[in-house]
Structures are given as C-alpha cells and as structure tokens.
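Enquirer: Quick one, structure for this:
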Amino acid sequence: MNAEQQSPADARRERGTYYATTPIFYVNAAPHIGHAYTTILVDVVTRFHRLKGDDTFFLTGTDEHVEKVAKAAARAGVTPQTYTDQVAAQFRSTWDAMGIAYDEFIRTTEGRHQQVVREVLQKVYDNGDIFYGEYSGLYCVGAERFVTEKELVDGTCPDSDEPPEYRTEANYFFRMEKYRPWLREHIERNPDFIRPERYRNEVLAMLREPIGDLSISRPRARVPWGIPLPWDEEHVTYVWFDALINYWSALLSRDLEQRYWPAVNHFIAKDIVKPHGVFWPTMLKAAGIPVYKHLNVHGYWLQDERKMSKSLGNVVGPLELQAKYGRDAFRYFLLRDMSFGLDAGFNEPAIAERINADLANALGNLLNRTLGMLGKYRDGVVPAFGPLEHADLALKDAFMALPDALTDHVDQLRFERAVEDVMTAVRAANKYIAEQQPWTLAKDPTQATRLDTVLRTCLEALRCASVLLEPVMPEKCRALRVQLGLPDAAASLGDARRWDAIPVGTQASAGEPLFPRIDLAALHEELAAGDASAAPLEHKDEVEYDAFAALELRVALVTHAEPHPKADKLLVLTVQLGPESRTIVAGIRAHYAPDELINKRVVIVANLKPARLRGVTSQGMLLAAEDADGHLALVSVEREMPAGSEVR
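Expert: Model (predicted):
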C-alpha cells in the first residue's frame with residue numbers, strides 16, 4: 001500500500017498515538033500553582049508529541065459533584081450549579097490565558113459525562129460487584145474519602161490540617177477487595193504501569209493488606225448534589241466513582257475511545273495516588289474497560305516546606321507570576337526546577353535566577369550576539385556554509401543528538417533533563433563563539449568563508465534550539481525564529497534533525513530582547529519589604545582550628561543509591577573511597593532522585609562515628625549547601641579528583 005492508499009488509522013499507528021490527562025480539579029477554589037504545574041506539564045508533553053507528529057489528545061476539566069463544593073456554594077449563597085459554572089469558567093479562562101492547548105475541557109456536571117457514569121455503574125451493578133451495606137470510619141471532607149488512623153498527620157487530615165469526621169452511613173459499596181490480587185499481579189508484571197517507581201512501590205504496599213470495599217454512594221437526603229444511581233435514585237454517586245470516569249467519558253462521548261484509550265497517560269500529583277492507583281484500575285476491570293497505560297505521579301511545589309493548598313493559606317497565583325515574569329519564562333522555570341516525582345521548593349528569587357542564568361545569559365545571549373554579528377558583518381543576510389572543521393562538526397553533533405535524547409527523556413519523565421540537555425548545547429554554542437572569535441575573522445578578508453561558516457553554525461544552533469524548546473516556550477521560540485527570518489511558526493522534530501534548514505540569503509533581523517534580565521537586587525528589596533525572614537545571616541560561635549582540623553573530609557564516588565526502605569526522607573548510598581566501599585544514609589530524598597547521584601563525586605566527613613539510622617548503619621556524612629528556602633545542593637569538587645582524595 002503506498003502513501004496515497006494508506007488509511008488514516010494506519011497513518012496514525014505509524015506516527016504514534018498519545019492521550020494525556022490532567023486530574024479534573026475541584027471547583028471549590030480558584031486555580032493555584034499546583035494546578036498550573038500539572039496542566040502546564042501535560043501541555044508541554046502533548047506539544048512535544050505533536051512536534052514528533054503523533055496523533056495526540058489532551059484532556060483537562062473540573063470535578064464538580066463533591067461535597068465540599070456544595071458547602072462552598074452554600075457559603076456563597078448560590079446554588080451548586082451556579083457556583084460550579086462560575087469556578088469552572090475561571091479554570092477554563094486561566095488555562096486559556098496561560099496558552100494551554102487542551103483538546104477537550106470536560107465538566108462532570110455535563111449530561112454526556114453523567115450518562116456514561118450511570119452506564120458504567122449499571123454494568124458493574126449487574127455484574128454483582130455492587131452491594132448495599134453500612135460503614136463507619138474517619139472521613140476527610142477535603143479529600144472526599146474515608147481514611148485510616150495511620151494516614152492522619154498528628155490527628156488531622158494529611159491534605160488540609162483539619163480533623164476528620166467520624167461517620168456511620170448505609171451506602172452502596174463496590175467490591176474492590178475482590179480485585180486486589182489481580183491489581184497487584186498486574187502492577188508486578190508491568191513495572192512501568194505506575195511511575196516513578198517510588199509510587200509503584202507505594203501502591204504495592206497498599207495492596208499487601210486488604211483494601212476493603214469502596215463506598216460509592218451517599219444518601220440523597222444528606223448530599224443531594226451528585227449523579228443519582230441508576231437503580232436507586234435515593235442515592236447519589238460518590239465523587240471518585242463519578243470523577244475518575246471522566247477520562248473515559250470524554251472519549252466515549254465523541255467516539256474516540258478506540259483511537260486514544262490504548263495510549264492513555266494520566267498525570268497526577270502524589271496526593272491522589274490511591275484513588276488513581278487502586279480505585280480506578282479496579283473500577284475499570286470491573287466494568288470490562290481496559291486499564292490505562294501509565295499513571296505518572298509528580299511531587300508537590302512546597303512553600304515553606306509545606307504543600308500549597310487553599311486550606312493551608314499558602315497558594316501562589318499562576319496568572320500573577322505569569323504577568324510578572326512572562327508566560328514562557330514561567331513555564332520554563334516549572335519544567336526545569338522540578339525533578340518529576342520529587343517535591344520542589346518554590347520561591348520567587350529562584351524564578352528570576354533561572355530566567356537570568358538560562359534564558360537571558362545563555363539562550364538570549366547566543367541570539368543577540370549571533371544576530372548582532374550577522375548584521376555587522378553580513379548585513380543580516382544568512383550565508384552559506386563553507387568547509388566544516390572539527391569545532392563546527394562537534395557543535396552540530398551535539399545538536400543532532402538532541403531529538404533522540406529528548407524523546408527518551410520525555411518518555412521516561414525526565415523533563416528537567418530534557419530542558420537541561422538543550423541548554424547545555426546552547427552553552428556549548430556560546431563557548432564556540434568565544435573560541436572561534438568571529439570578530440577576529442572579520443578583520444581578515446582571507447577568512448571570509450570561515451566567518452560565514454561560524455555565523456551559519458550559530459544560526460542553525462539557534463534554530464534547532466528553538467524547535468526543541470518550543471513545547472516549553474511556544475511563543476518565545478516562534479518569536480526567535482521570526483528574528484532568524486523564518487516567520488512560519490510551524491515546526492516539527494524533523495526540523496531539529498537538519499543542519500541546513502535556513503535558506504541562504506534569508507534576511508534575519510534582531511528584535512527586542514526575548515529574555516530581558518531581571519534586576520535581582522530590586523526583586524530582593526521588593527520581597528524583603530514584606531518578608532521579615534530576609535534578615536542578615538546569623539553566624540555560629542567561632543571554633544578553634546584544631547576542632548575543624550579533626551574532621552577528615554574526602555572525595556567519595558557514589559556507585560549506588562536507593563530509597564531507604566523505612567524512611568521517606570532518606571536515601572541509602574554506596575560510595576567508593578579509594579579501595580574502600582561504604583554505606584551512607586543521607587536525608588536528601590526530597591532533593592535528589594537515586595539515579596541522579598550515580599557517578600557523582602561528593603564530599604563526605606569520613607571519620608564520623610558510624611550511626612544507625614532506621615535500621616541501616618551510616619558510615620559518614622555528606623556535605624551540602626542549604627538556602628533559606630530549604631533547597632539542598634551537594635558539595636562536590638571542581639575537577640574530577642580520584643575517589644578518596646582528601647579535601648583540605
């Protein structure tokens with residue numbers, strides 16, 4: 001079959017299919033940075049798949065049949081439907097203002113969704129997997145679910161710091177426990193079903209013990225806001241047996257389930273792992289619907305070491321940050337400064353520093369220098385390549401390796417590494433300019449061809465970087481290509497595999513700086529004006545030299561790292577000190593993934609008395625720097641010193 005005869009379905013299979021979802025967000029409050037991160041992340045991922053040429057579908061929306069929404073509506077003096085209409089519109093307008101390119105925005109109050117929920121419920125009921133019974137237990141209204149004593153934090157709900165309510169109620173129950181053996185076996189046979197591994201292990205730990213049956217209804221007399229059960233209209237559907245079905249109902253209502261469901265990737269924050277990792281797959285199994293492909297779980301953005309949430313009063317508005325720093329620069333920060341699966345600390349100076357270091361100093365500098373020299377030496381006209389020398393080929397190879405590297409990083413959820421790989425190549429291009437010295441070449445008429453090659457090499461580097469970074473910064477990257485004389489905004493990953501895509505004779509023209517530097521001193525003054533924590537550093541008491549000299553500091557090579565089996569904050573490292581191997585337990589799990597540490601040379605206190613930490617003996621201590629916001633950075637040495645070298 002030739003290309004003209006190929007069916008649309010065959011073409012889609014060849015180019016790949018990708019379906020990504022955000023959680024549907026509760027409409028009891030306006031969107032904050034936590035909502036924005038998940039939604040921007042999925043926007044970046046789906047833009048990358050479109051860049052590859054994949055057939056892509058992106059779903060987001062709002063979860064509206066929840067008890068706390070009804071309470072919020074009552075406090076506002078309006079009906080739940082009026083309230084949800086207002087807040088759902090706010091979510092949608094926020095995503096539109098942030099340039100989120102979703103394909104579908106679903107609301108759980110829509111008729112098309114309610115119909116599918118009732119159909120799924122009826123099928124599970126007819127299969128005998130729903131029964132009527134009574135349950136008593138602790139209920140967290142914020143999470144809309146019953147919790148166990150061990151899930152509480154100092155006696156309060158983990159997501160809201162509010163005490164749970166003790167409830168006894170007769171409801172309908174889903175026979176979830178029946179599917180526990182199947183789910184455990186499925187996860188064990190499919191290691192990448194839940195990613196990263198730490199959350200897979202968390203769900204497997206839940207499944208080692210009985211999970212019980214799931215209450216799936218509430219009496220309509222007490223909670224009238226919800227979808228009535230099809231066989232008993234005196235009960236409404238419990239939120240999780242309603243909300244989770246949106247991922248399926250959005251496709252089913254448009255006859256797209258066959259096309260996209262086999263490729264579904266759910267993206268969620270770690271607080272809803274249990275509903276998505278236990279409730280949802282067992283519900284799908286009971287309903288005869290194939291389970292999802294991947295559940296991808298990210299950490300929290302922390303403010304003062306606490307998760308951002310409205311109930312805790314520490315939320316940060318995404319539109320305010322976008323207005324202050326720019327839409328694309330804000331997106332760049334979120335992707336670059338969180339390692340997927342781990343928590344990340346949020347503070348405004350970190351955004352400004354990232355913008356200055358990566359976007360202004362690296363990418364912006366490369367653009368400004370290249371176009372400045374092109375204008376000065378070639379009147380802005382793009383020249384042809386001359387013979388390529390080793391330095392030209394080395395830079396070309398660095399950029400030509402990026403499409404495959406980025407594809408692998410995105411597939412494996414290493415988003416920050418994907419971004420950093422591009423920026424590493426951009427920095428290499430800046431170094432290339434410094435080494436090739438086009439300003440010197442311009443003084444020698446015999447070097448005209450060489451100057452053309454250097455300028456053209458920098459132009460192609462910029463063009464490739466703009467294509468590869470477009471999913472993260474779509475507006476700025478298209479604006480960059482306009483300055484290169486390429487006003488056509490369309491781009492594909494194939495364009496980043498070419499090193500000759502700018503036609504000779506194209507007229508390039510420098511515009512306004514894409515990434516103006518931020519005045520950090522002014523920003524700190526602004527923040528300090530309302531922040532009492534911006535005080536001078538406090539120094540500890542002075543010590544005698546002999547006390548310091550007693551410490552034996554050495555370079556250690558990390559050869560293995562894994563999470564501590566009994567502590568969420570600890571990593572267990574194996575390090576090499578010359579011929580000696582040691583185990584060190586370090587409280588850095590929130591800051592480093594285990595695979596980030598392999599082959600890293602760190603500095604340790606080597607003569608510290610061994611200590612036993614949660615059952616594992618630690619034979620030393622890592623050195624790390626910590627800023628005022630709790631960010632950690634391990635201390636290392638500038639050169640690749642042999643393991644065991646003494647630090648003086």
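
Enquirer: mind listing the helices in the stretch 351-500 of the chain by residue range?
Expert: Assignment of helices within the stretch 351-500 of the chain using DSSP state H, counting those that start in this stretch yields the ranges 365-378, 390-400, 402-411, 415-436, 438-441, 448-468, 474-483.

Enquirer: what's downstream of the last one, the next helix or strand?
Expert: Beyond helix 474-483 on the C-terminal side, the first helix or strand identified by DSSP states H and E is helix 520-529.

Enquirer: Could I get the buried residue list for that following helix?
Expert: Buried positions in helix 520-529, judged by neighbour count with 16 or more other C-beta atoms under 10 Å: Leu523. From N, CA and C alone the C-beta is placed, and that goes for glycine too.

Enquirer: ok, and what's touching it?
Expert: Glu348, Pro349, Ala352, Glu353, Asn356, Ala534 (C-beta atoms under 8 Å, 6 or more residues apart in numbering).

Enquirer: lowest-pLDDT helix or strand in the protein?
Expert: helix 8-15 (a mean of 48; mean pLDDT, DSSP states H and E).

Enquirer: immediately after it, which helix or strand?
Expert: Taking DSSP H and E as the definition, the helix or strand right after helix 8-15 is strand 17-21.

Enquirer: so Gln297 sits in a helix?
Expert: Careful, residue 297 is Val; it's not Gln. No - when DSSP: H, G, I helix; E, B strand; the rest coil is applied, Val297 is found to be strand, with no helix at that position.

Enquirer: quick one, what contacts it?
Expert: Ile194, Arg195, Pro196, Tyr199, Ile268, Ala269, Lys270, Val273, Gly341.

Enquirer: Now do the residue lying closest to it once chain neighbours are set aside, the pLDDT please.
Expert: Excluding the flanking residues, the one nearest Val297 by C-beta to C-beta, 6 or more residues apart in numbering is Tyr199, at 4.2 Å. At Tyr199 the predicted local distance difference test score is 96.

Enquirer: The host helix or strand of Tyr199 packs against which elements?
Expert: Per DSSP H and E: Tyr199 is located in helix 197-207. Applying 3 or more C-beta pairs under 8 Å, 6 or more residues apart in numbering; DSSP states H and E, we find helix 197-207 packed against helix 180-189, helix 273-274.

Enquirer: Now tell me what touches it from outside.
Expert: Contacts made with helix 197-207 from outside it, assessed by C-beta under 8 Å, 6+ apart, are listed as 180, 183-184, 187-188, 191, 193-194, 270, 273-274, 277-278, 295, 297, 341, 563.

Enquirer: could you give the angle of it to helix 180-189?
Expert: Note on geometry: by axes from the mean of the first three to the mean of the last three C-alpha atoms, to 10 degrees, helix 197-207 and helix 180-189 are set 160 degrees apart in direction.

Enquirer: can you pull the buried residues of helix 197-207?
Expert: If you call a residue buried by 16+ other C-beta under 10 Å, then helix 197-207 has these buried ones: Glu197, Arg198, Tyr199, Arg200, Glu202, Val203, Met206, Leu207.

Enquirer: Run through the residues that contact Thr62.
Expert: Thr62 sits next to Ile24, Phe25, Tyr26, Val27, Thr84, Val87, Ala88, Phe91, Phe105, Ile106, Arg107, Thr108 when contact means C-beta under 8 Å, 6+ apart.

Enquirer: between the contacts of Val297, which has the most around it?
Expert: For the contacts of Val297, counting by other C-beta atoms under 10 Å, the largest number of neighbours falls to Ile194: 25 neighbours.

Enquirer: How much space separates that one from Pro181?
Expert: 17 Å (C-beta to C-beta, to the nearest Å).

Enquirer: follow-up on the earlier one: adding distance to Glu119 as columns, could you present the contacts of Val297 in CSV?
Expert: Shown next, in CSV, are these (distance: C-beta to C-beta, whole Å):
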residue, distance to Glu119
Ile194, 27
Arg195, 30
Pro196, 34
Tyr199, 30
Ile268, 24
Ala269, 29
Lys270, 31
Val273, 27
Gly341, 35
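
Enquirer: Verify the stated contact: Ala556 with Arg601.
Expert: Yes - Ala556 lies in contact with Arg601 (C-beta atoms under 8 Å); the separation is 7.1 Å.

Enquirer: So if I had to pick from those two, which one is more boxed in?
Expert: Neighbour totals were compared for Ala556 and Arg601, and Ala556 leads with 28 against 19 (other C-beta under 10 Å).

Enquirer: quick one: secondary structure of that one?
Expert: Judged by three-state DSSP, the three-state class of Ala556 is strand.

Enquirer: Return the residues in contact with the closest residue to it other than its chain neighbours.
Expert: Residue nearest to Ala556 in three dimensions, not counting chain neighbours: Val575, with 3.9 Å by C-beta to C-beta, 6+ apart. Val575 sits next to Ala556, Leu557, Val558, Thr559, Ser581, Arg582, Thr583, Ile584, Val602, Ile604, Gly620, Ala643 when contact means C-beta under 8 Å, 6+ apart.

Enquirer: And for Gly155?
Expert: Under the criterion of C-beta under 8 Å, 6+ apart, the contact list for Gly155 reads Pro163.

Enquirer: related to what we said a few turns ago, if I look at Ala556 and Arg601, which residues touch both of them?
Expert: Common contact partners of Ala556 and Arg601 (C-beta under 8 Å, 6+ apart): Ala643.

Enquirer: and the helices of the stretch 351-500 of the chain, which is most packed in?
Expert: The highest mean neighbour count among the helices of the stretch 351-500 of the chain belongs to helix 448-468 (a mean of 23), with neighbours defined as mean count of other C-beta atoms under 10 Å.

Enquirer: Which secondary structure elements does that one sit against?
Expert: Under the contact definition 3+ C-beta pairs under 8 Å, 6+ apart, helix 448-468 sits against helix 365-378, helix 390-400, helix 402-411, helix 415-436, helix 438-441, helix 474-483.

Enquirer: all helices of the stretch 51-200 of the chain, in order?
Expert: 67-76, 80-97, 111-126, 180-189, 197-207.

Enquirer: so how far is the fourth one off the chain centroid?
Expert: Looking back up the chat, that one is helix 180-189. The gap between the average C-alpha position of helix 180-189 and the chain average comes to 26 Å, counting by C-alpha atoms, centre = their mean, to the nearest Å.

Enquirer: hmm, back to that, what's the closest of the helices of the stretch 351-500 of the chain to Ala143?
Expert: Closest to Ala143 of the helices of the stretch 351-500 of the chain, according to C-beta to C-beta: helix 415-436, at 27.0 Å.

Enquirer: export the helices and strands packed on helix 197-207 to TSV and tack on distance to His390 and mean pLDDT?
Expert: Supplementary listing: these in TSV, determined by distance: least, C-beta to C-beta, whole Å; pLDDT from 0 to 100:
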stretch	distance to His390	mean pLDDT
helix 180-189	49	98
helix 273-274	50	96
